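Q: no sequence on hand, only this structure:
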Ligand SMILES: C[S@@+](CC[C@H](N)C(=O)[O-])C[C@H]1O[C@@H](n2cnc3c(N)ncnc32)[C@H](O)[C@@H]1O
């Protein structure tokens with residue numbers, strides 16, 4: 001399949017990018033990518049300036065370090081070459097977004113915000129997680145349990161896989177959705193970050209050969225390097241040719257907020273999404289490192305429940321990092337997993353499998369002296385065939401909360417919890 005034919009169908013973007021605010025947002029992200037090189041070089045320059053102010057015998061002892069900083073600058077240049085390719089044709093991805101040249105000039109001359117620079121760097125690291133050989137182990141831990149469960153639920157020999165509709169909200173750079181489609185299922189990834197959408201568009205539609213590009217994902221990590229070369233290490237991508245999908249594979253990416261695009265694809269700007277829900281559509285919703293991206297996780301769970309067909313399954317893996325927690329100007333609730341579980345059951349889902357302490361990483365530099373690992377939760381739950389009314393708080397039938405015991409992981413115990421149907 002030509003991923004370009006299905007990825008980012010322009011019709012989905014007509015409503016999303018129709019107004020001025022969205023055009024401005026688009027330009028802000030392009031501008032952030034363009035500002036990557038000067039911003040990153042400025043950071044090196046600061047260190048170099050201090051280095052040059054040190055006593056000459058210190059400088060002499062640090063001569064290898066000074067050379068290393070030259071290499072860091074070369075890596076930033078290389079990353080910038082990839083960034084130029086990523087943003088080369090972005091105005092053609094979406095209809096209705098093409099800014100006028102006056103708008104472009106104004107926006108591109110605006111100094112981008114710091115947080116956006118971090119997102120550019122995170123996008124480069126995400127290329128490693130999703131589309132490099134180096135990310136294979138991380139993907140095995142995060143994506144494989146989800147893919148295996150889909151195959152268990154919809155056995156390829158006993159169903160017509162292309163008739164099984166799978167949605168991956170918060171798809172990032174699209175690898176999980178791509179792998180599900182590669183199995184033969186009809187899979188749609190959904191993503192609202194333009195950082196992610198620009199980069200996934202590049203990988204899915206412009207990369208035709210394996211490992212033809214390289215990035216230096218850890219070049220901005222100045223601390224906790226055992227060897228200098230760990231900072232400047234190159235990682236090649238993509239580890240597969242994304243266009244190598246089976247002829248009949250059905251794979252697409254939609255752009256926009258999961259709560260709006262998915263629920264009411266033709267009515268994006270209605271204020272009340274609940275009125276226009278396209279309920280009961282998906283056979284499976286697969287979320288990976290996603291549900292904690294909500295201001296209100298209950299709204300995400302409610303939406304997943306609504307859009308699943310009766311009998312459909314939701315597979316989830318990830319931590320509860322709660323991305324909006326303590327962010328200025330952002331609302332957030334941060335219920336524990338114990339409470340999230342009550343909410344899931346409260347809507348009527350039947351928990352069929354559950355595992356805690358699933359050891360997972362996210363865009364991790366394995367050479368770093370600092371390692372971050374999540375004890376993620378993994379669960380599979382089903383919307384009952386005969387849909388029940390979402391429970392009122394006093395109406396909870398499944399209030400026996402017992403979180404599975406600690407130290408169960410896929411590798412150690414296959415500690416899957418099978419729960420009784422109520
Ligand atoms: C932590 S990342 C996980 C990406 C991918 N699932 C993975 O495991 O690598 C969460 C992603 O969800 C996206 N996201 C967050 N809220 C969203 C929403 N309301 N609609 C669509 N995408 C969203 C973010 O932009 C981000 O790319």
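A: Here it is on my side, so go on. Please read these numbers as outputs of a predicted model, since none were measured by experiment.
Q: any idea of the mean pLDDT in the helix or strand containing residue 344?
A: Using DSSP states H and E, residue 344 sits in helix 337-347. Mean per-residue pLDDT for helix 337-347: 98.
Q: immediately after that helix, which helix or strand?
A: strand 350-360.
Q: quick check, that following strand touching the ligand?
A: No: residues of strand 350-360 contacting the ligand under C-beta under 6 Å from any ligand atom: none, with a closest distance of 9.1 Å. For the C-beta atoms, the positions are set from N, CA and C on the backbone; glycine is no exception.
Q: what lines up beside that strand in the sheet?
A: Under the criterion DSSP bridges, strand 350-360 sits next to strand 374-382 (antiparallel), strand 417-418 (antiparallel) in its sheet.
Q: who wins for proximity to residue 35 among the ones you listed?
A: Proximity to residue 35 (C-beta to C-beta) singles out strand 374-382 among the strands paired with strand 350-360, at 30.9 Å.
Q: gap between the closest one and the chain center?
A: 17 Å (C-alpha atoms, centre = their mean, to the nearest Å).
Q: now do stretch 366-378
A: 17 Å.
Q: who's in contact with it?
A: 134, 142, 145, 218, 221, 223-227, 230, 233, 289, 316-321, 337, 353-362, 364 (C-beta atoms under 8 Å, 6 or more residues apart in numbering).
Q: how deep is residue 331 tucked in, by neighbour count?
A: By other C-beta atoms under 10 Å, 8 other residues sit near residue 331.
Q: next up, the contacts around the closest residue to residue 177 other than its chain neighbours.
A: Residue nearest to residue 177 in three dimensions, not counting chain neighbours: residue 189, with 3.3 Å by C-beta to C-beta, 6 or more residues apart in numbering. Residue 189 makes contacts with 168, 171, 174, 176-178, 200, 251-254, as judged by C-beta under 8 Å, 6+ apart.
Q: out of those residues, who has the most neighbours?
A: Neighbour max across these (other C-beta under 10 Å) = residue 200, 32 neighbours.
Q: that one reaches residue 254, doesn't it?
A: No: taking C-beta atoms under 8 Å as the definition, residue 200 is not a contact partner of residue 254, at 11.5 Å.
Q: nearest to residue 298, of the contacts of residue 189?
A: Scanning the contacts of residue 189 for proximity to residue 298, where the rule is C-beta to C-beta, the winner is residue 168, at 20.6 Å.
Q: return the set of buried residues in the strand or helix carrying that closest one.
A: Element membership of residue 168, judged by DSSP H and E, is strand 165-169. Residues of strand 165-169 classed as buried: 165-169 (neighbour count, 16 or more other C-beta atoms under 10 Å).
Q: mean confidence for it?
A: 97.
Q: which residues touch whichever helix or strand comes after that strand?
A: Downstream of strand 165-169, the next assigned helix or strand under DSSP H and E is helix 175-182. The contact list for helix 175-182 (C-beta under 8 Å, 6+ apart) reads 3, 129-131, 139, 142-143, 146-147, 150, 166, 168, 171, 187-189, 204, 242, 245-246, 249-251, 253, 286, 288.
Q: and the strands in this structure?
A: For the chain, the strands defined by DSSP state E cover 165-169, 186-191, 213-215, 235-237, 250-255, 282-288, 308-318, 350-360, 374-382, 417-418.
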